[in-house]
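**Student:** Have a look at this prediction, sequence included:
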Amino acid sequence: MEHVHLKIINHLPEMKIVLFLPALLLTASVYAQTDTATKAPVATVKENFSDDWADLRHYEAENKVLPAPESNEKRVVFLGSSIFEFWKTRLPEYFAAHKNYINRGIGGQIAPQLLLRFQQDVIALKPKAVIILAGSNDIASSTGHVTNERILDNVKSMVELCRIHKITPILCAYVPINVYQWRKDLQPAEMIISLNKAIAAYAAQNKLILLDYYSPLVDDKKGTRGELTIDGVHPNPAGYKIMAKVTDEAIAKALK
């Protein structure tokens with residue numbers, strides 16, 4: 001009997017360990033769950049781009065991977081707002097067929113934003129020519145501080161940069177608009193006509209090419225013909241096909 005009793009005594013430490021380990025693991029698990037539950041969630045800090053008013057980041061990545069133009073390439077940059085930006089998706093075959101045409105339109109932009117982007121989105125891409133389409137969003141602004149003179153001042157600055165960098169500027173007469181769906185209080189038809197006259201006069205005075213988007217699209221109410229637009233402001237594919245024709249003609253003239 002004494003021998004048996006000694007065996008039980010010898011196994012007691014082992015039994016205590018076996019019983020203690022599960023208890024320890026359970027306690028640790030409960031503590032971990034409680035600790036996780038009491039911790040405040042980590043807040044995600046959203047990067048602040050308020051200092052990038054001209055939205056330079058919009059095409060930054062694309063510009064970095066865009067190869068330099070080949071020696072015989074006649075690259076053309078399209079600089080503007082939504083009229084140009086939407087062209088890429090509403091008539092994509094146009095840019096697919098013209099690999100040397102680089103679209104740098106950003107919806108909603110006004111002329112001073114185009115000017116701020118000029119160094120990155122035009123000059124750095126080393127084009128032979130640039131098409132500058134500016135003014136509509138300036139006119140549609142709700143602030144009321146925009147004038148033709150201010151729009152034209154920004155266009156003039158872009159033209160001066162072109163001269164320095166040996167880029168041929170192509171100025172545009174804007175598409176006809178008689179109502180902005182988001183600014184129905186405005187009557188923009190005459191404003192667009194007035195701006196186009198100012199741009200045309202500046203182009204003629206300085207012997208610059210004028211690309212007329214107004215005349216082939218206009219209806220009898222001084223807006224874009226209904227069959228060529230989706231909202232009275234932006235062209236549909238049929239409208240872009242007409243714009244493509246006059247664009248190619250202007251580019252051919254600029255690059256000859």
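**Tutor:** Alright, I've got the coordinates.
**Student:** from here on, contacts and neighbour counts on C-alpha atoms
**Tutor:** Will do.
**Student:** list the contacts for Leu79?
**Tutor:** Neighbouring residues of Leu79 by CA atoms under 8 Å, 6 or more residues apart in numbering: Asn103, Arg104, Gly105, Leu114, Asp121, Val122, Val130, Ile131, Ile132, Leu133.
**Student:** Report pLDDT for the residue sitting nearest the centre point of the chain.
**Tutor:** The residue lying closest to the centre of the chain (CA atoms, centre = their mean) is Ile106, at 3.6 Å. For Ile106, the model assigns a pLDDT of 97.
**Student:** And Asn48, by the same measure?
**Tutor:** 75.
**Student:** Between the contacts of Leu79, which sits nearest Asn63?
**Tutor:** Asp121 (7.4 Å; CA to CA).
**Student:** element containing the closest residue to the closest one other than its chain neighbours, please.
**Tutor:** Leaving aside its sequence neighbours, Asp121 sits nearest to Arg104 (CA to CA, 6 or more residues apart in numbering; 6.7 Å). Take DSSP states H and E as the rule and Arg104 turns out to sit in strand 101-105.
**Student:** Check Leu211 too.
**Tutor:** Counting by DSSP H and E, Leu211 is part of strand 209-212.
**Student:** What helices and strands are in contact with that strand?
**Tutor:** Judged by 3 or more CA pairs under 8 Å, 6 or more residues apart in numbering; DSSP states H and E, the packing partners of strand 209-212 are strand 168-173, helix 188-205, helix 237-255.
**Student:** Low-confidence stretches in the chain?
**Tutor:** Where the chain drops to pLDDT under 70, the residues are 1-43, 142-144.
**Student:** which residues in it form helices?
**Tutor:** All helices of the chain, identified by DSSP state H, fall at 2-38, 60-65, 82-90, 92-97, 111-121, 136-139, 148-164, 188-205, 237-255.
**Student:** Tabulate the ones you listed (CSV), appending mean neighbour count.
**Tutor:** Listed next are those as CSV, based on neighbours: other CA atoms under 10 Å:
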stretch, mean neighbour count
helix 2-38, 10
helix 60-65, 12
helix 82-90, 18
helix 92-97, 12
helix 111-121, 20
helix 136-139, 22
helix 148-164, 17
helix 188-205, 18
helix 237-255, 16
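**Student:** If you count neighbours, what's buried in stretch 210-228?
**Tutor:** Leu210, Leu211, Asp212, Tyr213, Tyr214, Leu217, Val218, Lys222, Gly223, Thr224, Arg225, Leu228 (16 or more other CA atoms under 10 Å).
**Student:** go on, stretch 118-134?
**Tutor:** 118, 121-123, 125-134.
**Student:** For those, give me a markdown table that also has distance to Arg57.
**Tutor:** Shown next, in a markdown table, are the buried residues of stretch 118-134 (distance: CA to CA, whole Å):
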| residue | distance to Arg57 |
| --- | --- |
| Phe118 | 13 |
| Asp121 | 10 |
| Val122 | 14 |
| Ile123 | 16 |
| Leu125 | 15 |
| Lys126 | 19 |
| Pro127 | 20 |
| Lys128 | 23 |
| Ala129 | 23 |
| Val130 | 20 |
| Ile131 | 21 |
| Ile132 | 20 |
| Leu133 | 20 |
| Ala134 | 20 |
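**Student:** closest to Ala238 among those?
**Tutor:** Once CA to CA is applied, the member of those that ends up nearest Ala238 is Leu133, at 19.3 Å.
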